[in-house]
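Colleague: What follows is a predicted protein model with its sequence.
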Amino acid sequence: MDEIKNGLSEVVCDILVIGGGTAGPMAAYKAKRHSPGARVVLLEKANVKRSGAIAMGMDGLNNAVIPGYATPEQYTKEITIANDGICDQAPVYKYASRCFEIIQELDGFGIKFQKNENGDFDVKKVHHLGSYVLPMPNGDTVKKALYRQLRREKVLISNRYMATRLLTGRDGRIAGAIAVNTRSAEFLVLRAKTVILCAGAAGRLGLPQSGYLWGTYENATNSGDGYAMAYHAGAALANLECYQINPLIKDYNGPACAYVAGPFGAYTTNSEGNRFIECDYWSGQMMQEFYNELQSGKGPVFLKLNHLHSDTIGKIEAVLHQVERPSRGRFHENRGTNYRERMIEMHISEIGFCSGHSASGVYVDEFARTTVPGLYAAGDMASVPHNYMLGAFTNGAVAGEHAAEVAANIDLADYDAADVIREQQRVLAVTRREDGIPPNQLEYKTRRFVNDYLQPPKVTAKMKLGQARFAEIREDMESAMVVRDAHELMRSLEAASILDCAEMAAFASLFRTESRWGLYHHRVEYPEKNDDDWFCHSILRKRDGRMTAEKRPVAPYIVPIDESERSAYDRQRIRQHA
Amino acid sequence: MPIAHTPTAVPVVVDEAKCIADKGCTVCVDVCPLDVLRISDLTGKAYMKYDECWYCMPCETDCPTGAVTVNIPYLLR
Amino acid sequence: MTVFEPFEAFGDLEEIAERLASEDPSVRRLAVLDLVETSSGEAVPLLAGAILDVEPVVRQQAAQALGEFDGIDVAKALIGAVADPVAEVARAAADSLAELRDPEASGVLLPLVTHPAAFVRAAVFRALKALQVDASLGPAITGLGDDDPGVRVQAVGVIGYLKKTETLPSLISATRDKSADVRLAAVNALSFARNEVAAQAAAAALSDPEWQVRAAAAEAIGRIGQASAAVALIASLADGYWQVRQKALQNLGRLRVRDGVEAIVAFLDDELPSLRKDAAAALGDIADQRSRDALTRHTGDADPDVRKTVIWALGQIGGG
């Protein structure tokens, strides 16, 4: 295993789904249900059984819009406000309208959501704004249940193939993708009528404070390959400067899941044991407050549970140490941290791109269509803001259905065979060298500079230095990167995706000359929000081989936002700047 | 520029007495999202070949014989 | 160009069946795992065979594996295995039984409610709960008298999921069970009802010796939604444990109990910020003018969540 072999094969399908994590399996399942006769291929660089952000499971939904507890209108309004108004509401509203049906469908798959003793969904109310939290005490069953459905529907599963580039036809339509086997380096050309990208977040962008490349907030497999592929195919990417930064358990670098512990009465405090968060919404504004407190004399920041009854804490532990990131319990045990006695030290994550928690993603409309005809995107890498796991499922379903419908009525696009040869040469260059720099060192250096120069507060001169350093790394990557086996070849491709994302992060951040989304885009020289010039999406794309940026108007709201509601949020912001 | 072999203490540990990889089992290797486990040609047992671990635990949870233990990587511990 | 097949092949049943006949138990065990991979109903008869293997680890693996499949044949195979002499095998079979979702399986499950092993009876009720078939009601009511509290908890669940008003007397008697777990489940289960009888039963549970039951009772009163239970809810603002007082505050707000305003206002000065916050939220829900002055005095609370909730509550009251 792992030795580099020569090989190239071509397969033809109707719908190609790239990424077998959360959105991908749902997209493939829905495409197959829509068109049972179609050939649907699900491509995954690991194994669909245990891949992606929810490889181990998920402990709850935090954006469930369930009749009787919340309405699509209310949800859309809150997401719009939490995104400082920069939000195309149609995809958010569509998600909010369809997600309950998806919950019921997942429930039918055997994925267990918490129910009360009357068999009704046990939705938790966290504050007066709306009730969106639905725990999943047996959320470790998610992947298994999904996998069972894929097998039943006879989706063609292709594990251990990493897509490296998308293929487009002469007419600009999507034509398929090129992939390479992560254990043999053999190539696969997949021709498809429609392609759905579900390759997850760019979670290996910043370097965690531990310095361990793999100790990331996101699953470390999610190296931004989807962002890079979409970029190189000419698709528009939206608001990449709206980074993902999340609160987490310090050093462990995984979520503290305040939304699991919150309904039981846990909360975030400073070192004095007092609450400090003013913002009502999970947003960059909240993260700014978190950052300020960490920097102030009142840091560090903690998750406080020790005021709760021991039995209540036991219930919280039963979820936190079993599901999603179960090694949490082991981490606390090593350090002798008992939730009953001590508060849990928290911190903020390294930066990344992830619409799951923020808004940075490949631009999509309410049918999950990107700007490239026939190319769709869903999940953490598509631009629907704050869509979390349920958004990945729901928008994956939307993408699968639409892509299947379109594929039923068109032929394959032709691609240029020279593109495949060029891509093989690009990918395999690192295998032709006897000597050079291994991918892990190039990756480490890229990510350290991401921290040094791109992490907010953002400073123009720093970001420009970052760009210069990234250009140097790119030269090294193209002239000296070397790998010894197929596994390292996968890492070299990931290092290239990471570098692409770092360059996009710098470019997008320099483009938007204002501050917005709290900490996510806090530009020191432009400290204020500037609605006159910047109430718009920033769109980044590759044109004629070069990175370009442009403004795109925010689509007219379908759920109006009162001035008073927007200003309530702004008041919270001003208090923070004072 | 020769490539060095810097030692690291790997987080995933396999109990070779319990591991049945030599009977054809590949469960832990299959389920690792980062694909860091391999079956040793020498011992026929599973081991962590690449120190690239997200300490996510499917290898431990899915192992049919309970042979795998995931420790927190030392840098984070 | 070499041509290769990039798609996962999920095993050929005949080939797996050969490995199931291997002399090596580890090989047989791995064959069982491969049967799961096939996701094919045709794997069930082979698993039904493997669950009778001479080697306990193989039987256990087969019992677990059957949990991935559904239907009467699965139920039948598992029912045999719950009597396995090896405890791990029997428990794995019982856990898999609880995953059955085919309503037809209830016919096979019902005779097992009197099985000698308590974990089997509990697993059967757990399965019946999710199946939600009327035929389970009688056995579940009988099950409330089971010797084992874990079984009684599951029996309460079966009754609660069916949400039938005529079962209230049974559920109410379960709120006086000697096991706190059963009382807790029963208080939660009766809150589907929207009537006086249920409300009074929940109110009585506010005096339970166990705080979790009292907290659940306050929650149940809120869900049942009868004003008559408000007096008891106000009284439980003096409960000895704060997480019960918190539930009482939340549900006084939910029921909009105007008579509670005075007692709730006192909590705006509580030392626990969580109680101050919930007091403010309850006052906002009730929206009674009498609380306006008290709320106004607390707009400068040291805790941001309390401050925000106080301001929200004042907005709910309006006027001024």
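Modeller: Cool, the structure landed.

Colleague: Residue B:38 belongs to a strand?
Modeller: Yes - judged by DSSP: H, G, I helix; E, B strand; the rest coil, residue B:38 forms part of a strand.

Colleague: The residue lying closest to it once chain neighbours are set aside: neighbour count?
Modeller: Using Cβ to Cβ, 6 or more residues apart in numbering or on different chains and skipping the chain neighbours, the partner closest in space to residue B:38 is residue B:49 (4.3 Å). Where you see a C-beta, it was placed from the backbone N, CA and C, and this is true even at glycine. Look at residue B:49: counted by other Cβ atoms under 10 Å in any protein chain shown, it has 19 neighbours.

Colleague: contacting residues for the closest residue to residue A:310 other than its chain neighbours?
Modeller: In this structure, residue A:310 finds its nearest non-sequential neighbour in residue A:340, 5.6 Å apart by Cβ to Cβ, 6+ apart. Residues in contact with residue A:340, defined by Cβ atoms under 8 Å, 6 or more residues apart in numbering or on different chains, are A:305-306, A:310, A:313.

Colleague: Just the pLDDT at residue A:128, thanks.
Modeller: We have a pLDDT of 64 for residue A:128.

Colleague: sorry, that was for residue C:99
Modeller: Reported pLDDT for residue C:99: 91.

Colleague: would it count as being in a helix?
Modeller: No - with three-state DSSP as the criterion, residue C:99 is coil rather than part of a helix.

Colleague: How many neighbouring residues does whatever residue of chain B ends up closest to chain C have?
Modeller: Chain C sits closest to residue B:23 of chain B, with a gap of 4.0 Å, by Cβ to the nearest Cβ. Neighbours of residue B:23 under the rule other Cβ under 10 Å: 15.

Colleague: now do residue A:378
Modeller: 35.

Colleague: Just give me the neighbour total for residue A:44.
Modeller: Using other Cβ under 10 Å, residue A:44 has 29 neighbouring residues.

Colleague: Excluding sequence neighbours, find me the nearest residue to it.
Modeller: In space, residue A:44 is closest to residue A:20, 3.2 Å off (Cβ to Cβ, 6+ apart).

Colleague: so who does the one you found touch?
Modeller: With Cβ under 8 Å, 6+ apart, residue A:20 has these contacts: A:42-44, A:46-48, A:51-52, A:157, A:159, A:198.

Colleague: hmm, back to that, contacting residues around the residue nearest to residue B:38?
Modeller: Residue B:49 sits next to A:487, B:36-38 when contact means Cβ under 8 Å, 6+ apart.

Colleague: and what of residue A:22?
Modeller: A:52-54, A:198, A:379-380, A:389, A:392-393, A:396.

Colleague: ok, now residue A:411?
Modeller: residue A:193 are the contacts of residue A:411 under Cβ under 8 Å, 6+ apart.

Colleague: Flag every residue of chain C that's near chain B.
Modeller: C:24, C:26-27, C:29-30, C:33, C:57, C:61 (Cβ under 8 Å from any Cβ of the partner chain).

Colleague: so where's the chain shaky on pLDDT?
Modeller: No chain in the question, so chain A it is. A:126-129, A:567-578 (pLDDT under 70).

Colleague: that's the other chain; I wanted chain C
Modeller: Checking chain C against pLDDT under 70 turns up C:1-3, C:319-320.

Colleague: count of neighbours near the residue in it that chain B sits nearest to?
Modeller: Closest residue of chain C to chain B, Cβ to the nearest Cβ: residue C:26 (4.0 Å). Close neighbours of residue C:26, defined as other Cβ under 10 Å, add up to 19.

Colleague: which one of the residues of chain C next to chain B sits closest to residue A:513?
Modeller: Residue A:513 lies nearest to residue C:33 out of those, by Cβ to Cβ, at 57.4 Å.

Colleague: Next, give phi and psi for the closest one.
Modeller: phi -60, psi -40 (degrees, to the nearest 10).

Colleague: Next, the closest residue to it other than its chain neighbours: secondary structure please.
Modeller: Nearest residue to residue C:33, sequence neighbours excluded (Cβ to Cβ, 6+ apart): residue B:64, at 6.4 Å. Under three-state DSSP, residue B:64 falls in the coil class.

Colleague: can you give me the strands for chain B?
Modeller: B:12-14, B:37-39, B:46-48, B:68-70 (DSSP state E).

Colleague: Could you double-check that residue C:278 sits in contact with residue C:250?
Modeller: Yes - here residue C:278 reaches residue C:250: they are 5.5 Å apart, a contact under Cβ atoms under 8 Å.

Colleague: Looking at these two now, which is surrounded by more residues?
Modeller: residue C:278 (26 against 20).

Colleague: what does chain B put close to chain A?
Modeller: B:1-3, B:30-35, B:38, B:49-50, B:52-58, B:61-62, B:70-73, B:75-77.

Colleague: Show the buried residues in the residues you listed.
Modeller: In the residues of chain B next to chain A, burial by neighbour count holds for B:30-35, B:38, B:49-50, B:52-58, B:61-62, B:70-73, B:75-76, counting by 16 or more other Cβ atoms under 10 Å in any protein chain shown.

Colleague: want to try CSV for the contacts of residue A:20, with secondary structure as columns?
Modeller: What follows is the contacts of residue A:20, written out as CSV (three-state DSSP):
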residue, secondary structure
A:42, strand
A:43, strand
A:44, strand
A:46, coil
A:47, coil
A:48, helix
A:51, coil
A:52, coil
A:157, strand
A:159, strand
A:198, coil
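
Colleague: before we move on, the earlier item: closest one to residue A:151 among the strands of chain B?
Modeller: Of those, nearest to residue A:151 by Cβ to Cβ is strand B:37-39, at 23.5 Å.

Colleague: Please identify the helix or strand for the residue nearest in space to the middle of chain C.
Modeller: Nearest residue to the geometric centre of chain C (Cα atoms, centre = their mean): residue C:157, 7.4 Å. Mapping residue C:157 onto the secondary structure by DSSP states H and E places it in helix C:149-162.

Colleague: Which of the residues of chain C next to chain B sits closest to chain A?
Modeller: Nearest member of these to chain A, counting by Cβ to the nearest Cβ, is residue C:33, at 11.6 Å.

Colleague: Could you report the pLDDT at the residue most central in space within chain B?
Modeller: When chain B is reduced to its mean C-alpha position, the nearest residue by Cα atoms, centre = their mean turns out to be residue B:48, at 3.3 Å. If you check residue B:48, the pLDDT there is 97.

Colleague: give me the beta-bridge partners of it?
Modeller: residue B:37 (DSSP bridges).

Colleague: same question, residue A:347
Modeller: residue A:248.

Colleague: Wait, it touches residue A:303, no?
Modeller: No - with contact defined as Cβ under 8 Å, residue A:347 and residue A:303 do not form a contacting pair (11.1 Å).
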